[in-house]
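coordinates only, no sequence provided:
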């Protein structure tokens, strides 16, 4: 388990700081920004991000500190006892406005057409400071968009060089795809070597999207394809929704973080005109059957261990780039999204007498990398491209808004059968540790043939970066570990390579918090928001009638009618895959 | 030991080298050998002598006769006349006026106003000879510190001397050392900042070329004082000769046990490594220098934490300028009281300046702190060439302030210059006569900062570009009165809000020229006229007399 190393703020002595005439007591070492918050004073910021180390580069938060020759950045400057701070002095107001106007004069003025309109921090800042006129002539940055990947679109002209994405990509994700380059007013954040994203080591996790205050990085918008298919009577359009969407979609439609909207989401999708509304949770349960069996197989037949999960496509791309030597450890199971696509065009088509060529599979995913995964050349085991279009939760939110659906007033509706039936074990796939917990619920019972009484494996839950546990399967000790965020994944893989411990099973999710914190999730996704979404995921689990994947009746029926047995011939054909080592630069 | 009846010193500093001093030296050696004089006359290659404009310079000792602008073809005559017949070669003597030829070095006005502490060995010893350095008192201060003083006593001596950082900011050196000595940590570093990036500044280069061991000795003393065992010299890649001499000096010092383990049997060990920079102006800023030295992109860090707490590789670090470190050995050797006899109460010691621009004696000088601008320019500097009038002097390099004629009597030290919005800075002194347009000058400075901004913080990244843009509009007659307001708002914002000293100082040339030469800006804006006729698009318009009145 992760150990807290930072001393708790309460342990530090208190100091008195005067902010705009108000005296507050804060722990020594606090920043002016923290002290101001306590004093009820709002200081505008831009490069500051609650989950990141201080950068202090935008200078929007500068304030006057008595006896200091220059203004100081509130986000970075530590308070000391007796410090007197002014946040609303003429010098501060002038500097702040000049700085924001300097940025605005270089930034494209196409807010109305921007994916981040009304969700842009630069726009909000300009509004907050009451900027009505920019004193400098417009000199917009004019760089071509980078549309080289199926997942992310970079629009460098909108980059304000706040470096939040650089921090996320390097420090949180440990990928190192994005860097500041060039000097002076030509400075820009670019992919390594200023190459297109598709040509460098990028996991396409999309965490940079959450870091970006503006529209400089966004998901590729694929809603037009879906609108076209929905309007085409010759198409049978089915949709699957990832486990995490029900805990996040509400935010995109104005609800509070942590609101569960499963039934309303299904209703909205029907209103949009999808022919069938299915659930990726169904194939999440299937994944547990296949991956759990694979684990037991590797444990008993001496296969490569530890087994690494394979649900997260950002993680898969990461390991293909950085640890190709560990690819034999990765489960051969496709992700639930891809299992669904393969079954929709085979099992479902056969069962309901549909021509698979007419079926269009749309997935609603928390993830930008899923767009890449669906486009991988090997993902066509149904004979067709298994998943046709991947939309993020943000894109679905846009479609619902555009369709004029009053989301809050929708009556809850159930998923369609049979690919909409699922368990609590599948629901928790959306949170870090969820796949592990779901697998343990099933593996325990399959191995021990005993009923698992307490099914909550709480040690693998929560936001600690790397979580470890040892589970006793009736004498068989199973060492498991969970990492979320690729930076943590890298640390855990290094432990594996150093053979620090004999791990048997490891869950890795590319995004901090797991899929609820995915790169396709509503803006703004912060760690505070992630925690609330995770709570919602476990509420969903708790309310489900069945909470173990192997007890899902639709899965049992699927094996009976179609697949035969886990790891069987048909499973191998449709549900398993292989990986591609990729270059590091 | 071999004795020579005469020594011929040939400057091998960068400026004289560019003017062909190597050919002079080779011809001299050949000529002496041909005449069989090489056993009695020694040719010494020295560092810079200061009179760069007059180079290549040759000084003949024991008399101390200075010859200027010597070419290889002059050599046979020089040998024949001076070294063989004992007669001075009049035509190559330094002339203060056409009629007045100066016979020996000490008689020159150029040297009479100077006090040479830092430069005492520059132009005197062979910088490639550690023996000559030792013969001139070198490494005695290190010996004294290591064998007779406790580290805390060394810190106290430097504090008592009142030495302030010569890189520009003027922070008390002793205090910096004290912070670092008290900082927690087993590993600490001494860094010598030799990334001399201010245009028109070349003092550190000439100190390193002329007296490289002095820097190593200063660094070792600093290391002993604060508990550091490793030093780095971060030096510009363009300074080939400095790098070469410094690296040779390090090898020599290691060989003699003056660097390395257990120096002077004291148990204290110290070593120095040279790291070469790629020439970004911002890398002269101490934290950007660390980033670059560590292999990263040269960008400043936020302060606090300060380098004495978290510096190079995250360890407590003392970073001092070349000239600061060169002052350390004489202070340790002679004591703080001796040092304080020079300069002013708050700024003791001397300052090395590089004189450039419209001034007769372009070159390197060392003067007591507190000397006036007038004494430097019109005394030592020999005034403005061609009888033209003085318009302004920029102190402290490109980021320094521009001072008009009415401030010629301001004392040159950190505090007095700060009072008038200028800075002593690195010791660059750029003089301009009254043929120059102030807007045109500001435009050059603005373009420099636009080019050198690292782009890390918004006000510098965008502001330097906007200042240049606005000044260009003023110079071309396209500016409106609103532009002047915007320029001033920008300048105020940058001075207050930029992340590092580069950005904070970038508007200083504009701010000071606006303060002292506002009428010239206004002529460009309101009358669309360049008073000096320099700004080409406005040059067709009738020019009035220059704003600077001349002296």
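Right, received. Where do you want to start? Model, not experiment: these values are computed from the prediction.

where does the chain dip in pLDDT?
You didn't pick a chain, so chain A it is. Within chain A, the stretches with pLDDT under 70 are A:1-10.

should've been chain B
B:1, B:98, B:539-551.

return the residues of it in contact with chain A.
B:280, B:297, B:299, B:302, B:304, B:450-459, B:461-466, B:469, B:482, B:486, B:489-490, B:492-493, B:495-499, B:504 (C-beta under 8 Å from any C-beta of the partner chain). In short, each C-beta sits where N, CA and C put it, glycine included.

hmm, try it at 6 Å
Counting by C-beta under 6 Å from any C-beta of the partner chain, chain B comes close to chain A at B:302, B:450, B:453-459, B:461-462, B:465-466, B:486, B:489, B:493, B:496-497.

of all residues in chain B, which one is nearest the centre?
Closest residue to the average C-alpha location of chain B: residue B:203 at 2.7 Å, with C-alpha atoms, centre = their mean.

please parse the chain into its domains.
In the absence of a named chain, chain A is used. Annotated domains of chain A cover A:9-88, A:100-219, A:224-575 [automatic domain parsing].

that's the wrong chain, I wanted chain B
In terms of domains, chain B is parsed into B:6-107, B:130-340, B:350-433, B:438-538 (source: automatic domain parsing).

run the chain-centre distance for the longest one.
What that stands for is domain B:130-340. 16 Å (C-alpha atoms, centre = their mean, to the nearest Å).

over to the third one?
Averaging C-alpha coordinates over domain B:350-433 and over its chain gives two centres that are 13 Å apart (C-alpha atoms, centre = their mean).

start and end of it, how far apart?
End-to-end span of domain B:350-433 (C-alpha to C-alpha, to the nearest Å): 27 Å.

and stretch A:493-508, by the same measure?
Using C-alpha to C-alpha, the end-to-end distance of stretch A:493-508 comes to 10 Å.

now do stretch B:222-238
26 Å.

okay, buried residues for it please.
B:222-236, B:238 (16 or more other C-beta atoms under 10 Å in any protein chain shown).

farthest pair within those residues?
Distance extremes for the buried residues of stretch B:222-238: the farthest pair is B:227 and B:238 at 33.3 Å, using C-beta to C-beta.

what about the helices in the stretch 51-200 of chain A?
For the stretch 51-200 of chain A, applying DSSP state H, counting those that start in this stretch gives helices covering A:90-106, A:121-128, A:164-167.

quick one: those helices as JSON lines, columns for distance to chain B and mean neighbour count too.
Below are the helices of the stretch 51-200 of chain A laid out as JSON lines (distance: least, C-beta to the nearest C-beta, whole Å; neighbours: other C-beta atoms under 10 Å in any protein chain shown):
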{"stretch": "helix A:90-106", "distance to chain B": "4", "mean neighbour count": "21"}
{"stretch": "helix A:121-128", "distance to chain B": "11", "mean neighbour count": "18"}
{"stretch": "helix A:164-167", "distance to chain B": "11", "mean neighbour count": "22"}
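
now these in CSV, with distance to residue A:257?
Output for the helices of the stretch 51-200 of chain A, formatted as CSV (distance: least, C-beta to C-beta, whole Å):
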stretch, distance to residue A:257
helix A:90-106, 28
helix A:121-128, 18
helix A:164-167, 20
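
sec struct for residue B:9, please.
Three-state call for residue B:9 (DSSP: H, G, I helix; E, B strand; the rest coil): strand.

and it, how many neighbours?
By other C-beta atoms under 10 Å in any protein chain shown, the residues close to residue B:9 number 24.

who's in contact with stretch A:558-568?
Residues outside stretch A:558-568 that contact it (C-beta atoms under 6 Å, 6 or more residues apart in numbering or on different chains) are A:289-290, A:293, A:347, A:570-571.

list the buried ones in that stretch?
Neighbour counts using 16+ other C-beta under 10 Å place A:558-559, A:562-563, A:566-567 of stretch A:558-568 among the buried residues.

with stretch B:516-526 instead?
Buried positions in stretch B:516-526, judged by neighbour count with 16+ other C-beta under 10 Å: B:516-517, B:520-521, B:523-525.

how about stretch B:235-253?
B:235-236, B:238-239, B:241-243, B:245-246, B:248-250, B:252-253.

which of these fall in helices?
Among the buried residues of stretch B:235-253, DSSP state H puts B:241-243, B:245-246, B:248-250, B:252-253 in helices.

tell me which two in the residues you listed are the farthest apart.
Using C-beta to C-beta, those span at most 18.3 Å, a distance reached by B:241 and B:253.

now do the same end-to-end measure for stretch B:82-90.
10 Å.

so which of the buried residues of stretch B:222-238 sit within strands?
Per DSSP state E, strands hold the following members of the buried residues of stretch B:222-238: B:230-236.

ok, those vs chain A, which is closest?
Comparing these against chain A with C-beta to the nearest C-beta picks out residue B:236 as the nearest, at 16.9 Å.

before we move on, back to that, and which of the buried residues of stretch A:558-568 is nearest to chain B?
When these are compared against chain B (criterion: C-beta to the nearest C-beta), the nearest one is residue A:567, at 49.2 Å.

you'd agree the closest one is in a strand?
No. Counting by three-state DSSP, residue A:567 is not found in a strand; it is coil.

contacting residues for residue 239?
You didn't say which chain, so I picked chain A. Residue A:239 touches A:269, A:274, A:277, A:362, counting by C-beta under 6 Å, 6+ apart.

actually it's chain B I care about, not the one you picked
Contact partners of residue B:239, counting by C-beta under 6 Å, 6+ apart, are residue B:205.

could you rerun that using 8 Å?
Residues counted as contacts of residue B:239 (C-beta atoms under 8 Å, 6 or more residues apart in numbering or on different chains) are B:14, B:194, B:196, B:205, B:208.

quick check, the third one in contact with residue B:426.
Yes. Using C-beta atoms under 8 Å as the test, residue B:196 is close enough to residue B:426 to be in contact (6.8 Å).

what touches both of the two?
Common contact partners of residue B:196 and residue B:426 (C-beta under 8 Å, 6+ apart): residue B:203.

any chance you could list what contacts stretch B:259-277?
Stretch B:259-277 is contacted by residues B:142-143, B:146-147, B:195, B:216, B:219-220, B:223-224, B:228-237, B:243, B:246-247, B:250, B:253-254, B:257, B:283, B:289, B:292-293, B:298 when judged by C-beta under 8 Å, 6+ apart.

in the stretch 1-150 of chain B, which spans are helices?
Under the criterion DSSP H, counting those that start in this stretch, the stretch 1-150 of chain B contains helices at B:14-18, B:21-34, B:75-78, B:109-112, B:130-135, B:140-148.

with mean neighbour count and distance to residue B:444 added, can I get these in TSV?
Shown next, in TSV, are the helices of the stretch 1-150 of chain B (neighbours: other C-beta atoms under 10 Å in any protein chain shown; distance: least, C-beta to C-beta, whole Å):
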stretch	mean neighbour count	distance to residue B:444
helix B:14-18	21	22
helix B:21-34	18	30
helix B:75-78	18	40
helix B:109-112	17	28
helix B:130-135	17	40
helix B:140-148	19	42
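
who are the contact partners of the residue of the stretch 351-500 of chain B found nearest chain A?
Taking C-beta to the nearest C-beta, chain A has its nearest neighbour within the stretch 351-500 of chain B at residue B:455, 2.6 Å off. Taking C-beta under 8 Å, 6+ apart, we find residue B:455 in contact with A:161, A:180, A:182-187, B:461.
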